[in-house]
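Visitor: Sequence and predicted structure are below.
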Amino acid sequence: MVASTSVPNIDKVSGLYAPKWLSSLFGKVGARLFYFTWIAITKRPDVLVGFHLLLNGLFVVVLAKLIGAKSVYICGGGPREVIGGELTQKIEFLTKLDNQMTL
């Protein structure tokens with residue numbers, strides 16, 4: 001699992017972390033995405049999993065097709081998703097994207 005924070009002890013799961021220099025260049029999220037891409041291309045796993053629709057959920061679909069893998073999208077839930085959290089951010093992002101595409 002490529003992560004930016006410590007992965008708990010789970011049987012048959014190990015954490016992979018982007019190098020600090022990559023994080024200093026692109027931030028935690030950007031570094032994690034670049035590192036995830038690198039691992040996927042070099043290791044060729046059978047399945048790629050993305051959490052949350054924007055950006056990871058959409059990205060794994062494209063990346064999986066490029067490397068011949070299956071893709072899985074996992075959506076988290078709870079109050080943060082609905083009350084001013086991820087859902088609000090996603091709607092704002094899609095509205096801005098829609099406005100740019102129609103200009």
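Guide: In hand now; what should we look at? Numbers count the residues shown, from 1 in each chain.
Visitor: And the top helix by length along the chain, how far out from the chain middle?
Guide: In the chain, taking DSSP state H as the definition, the longest helix is helix 20-43. For helix 20-43, the distance from its own C-alpha centre to the chain's C-alpha centre is 11 Å (CA atoms, centre = their mean, to the nearest Å).
Visitor: got it, and stretch 60-73?
Guide: That offset, for stretch 60-73, works out to 12 Å (CA atoms, centre = their mean).
Visitor: which element is residue 50 on?
Guide: Here residue 50, judged by DSSP states H and E, is contained in strand 47-51.
Visitor: so residue 46 touches residue 71, yeah?
Guide: No - with contacts counted by CB atoms under 8 Å, residue 46 stays clear of residue 71, the gap being 10.7 Å. C-beta coordinates here come from the backbone N, C-alpha and C atoms, glycine included.
Visitor: Can you pick out the residue with more neighbours from these two?
Guide: residue 71 (17 against 9; other CB atoms under 10 Å).
Visitor: Which strand or helix spans the residue lying closest to that one once chain neighbours are set aside?
Guide: Closest residue to residue 71 apart from its sequence neighbours, by CB to CB, 6 or more residues apart in numbering: residue 64 at 3.7 Å. Here residue 64 sits within helix 58-67, counting by DSSP H and E.
Visitor: residues in contact with that helix?
Guide: 33, 37, 40-41, 44, 47-50, 69-73 (CB atoms under 8 Å, 6 or more residues apart in numbering).
Visitor: Can you select the buried ones among the residues you listed for me in ChimeraX?
Guide: In ChimeraX syntax, the buried subset of these is picked out as below (16 or more other CB atoms under 10 Å):
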select :33,37,40,48,50,69,71
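Visitor: Between the contacts of helix 58-67, which sits nearest residue 1?
Guide: residue 49 (8.5 Å; CB to CB).
Visitor: Name the SS class of the residue nearest to the closest one when sequence neighbours are not counted, please.
Guide: Nearest non-adjacent residue to residue 49, counting by CB to CB, 6+ apart: residue 72, 4.5 Å away. Of the three states, residue 72 takes strand under DSSP: H, G, I helix; E, B strand; the rest coil.
Visitor: Right, I'll leave it there.
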